[in-house]
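Student: Sequence and predicted structure below; questions after.
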Amino acid sequence: MASKRGKQTVRDMFLSMAVVSAAAGLVYIFIPHDENANPVKAVDYRVELLTARRAAPYPVAAPDGLAKEWKPTSVSYDRKAGNSWHLGFLDPEGKYVAVEQSTSPAKKYVTEVSRDAKDTGRTRQVAGETWQHWKGEKYDALVRQDKGATTVVTGSASTERLAEMAAALKSS
């Protein structure tokens, strides 16, 4: 008798699992979803930018006039860490680009935010300004020192995209 009840319980369990699996499959098939959707949410950095511009001892840079396909993803200002300003983006191809500024010692700071990129000794003209070109395994960077701060445009994006960001930067 116990054996018959055990077989029935196992059979009922398999039937229940089959029904649940079929229902889950139907939901997956008929509910719209986009496997290519980017899960990274855009952030609004306007308030942090205004705060940083009031607090920083240098003109804080942020892009103006970038195409709408650029997605801002992160923002921070840390007075205690060398008045560090950070603004991260995904470019139109989904590559990372960050604007980093600080009053920290330049060589150490650039190496840190560019993930160990090295100065190539070359420069690049961007929007009438001279930027140093740094190259790294993970990130490349464009670097400028001006008005008491080091500005770094760095990331996994192409040098052309880094230059596009650097050209869009406006300070106040």
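Tutor: Okay, I see it.
Student: just checking, S104 touches W85?
Tutor: No - S104 lies out of contact with W85 (CB atoms under 8 Å); the separation is 11.3 Å. For glycine as for every other residue, the C-beta is placed from the backbone atoms N, C-alpha and C.
Student: Please say which of these two ends up with more neighbours.
Tutor: Remark: of S104 and W85, W85 carries more neighbours, 25 against 17, as counted by other CB atoms under 10 Å.
Student: so which helix or strand takes in the nearest residue in space to the more buried one that is not next to it in sequence?
Tutor: Nearest-residue entry for W85: Q101, 4.2 Å, with adjacent residues in sequence omitted and distances by CB to CB, 6 or more residues apart in numbering. With elements delineated by DSSP states H and E, Q101 resides in strand 96-102, which encompasses its position.
Student: What of T151?
Tutor: Assigned by DSSP H and E, T151 belongs to strand 149-155.
Student: Name the residues that touch the helix or strand following that strand?
Tutor: On the C-terminal side of strand 149-155, the closest following helix or strand by DSSP H and E is helix 159-168. In this structure, residues lying in contact with helix 159-168 by CB atoms under 8 Å, 6 or more residues apart in numbering are 63-66, 70, 89, 91, 93, 95, 97, 99, 124, 126-127, 129, 131, 133, 140-142, 144, 153-155.
Student: Could you turn the buried ones of these into a ChimeraX selection?
Tutor: Of the contacts of helix 159-168, the buried ones can be selected in ChimeraX as follows, counting by 16 or more other CB atoms under 10 Å:
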select :63,66,70,89,91,97,99,126,131,133,140,141,142,144,153,154,155
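Student: Counting only strands, which of the contacts of helix 159-168 make the cut?
Tutor: In this view, the contacts of helix 159-168 that belong to strands under DSSP state E are 63, 89, 97, 99, 124, 126, 129, 131, 133, 140-142, 144, 153-155.
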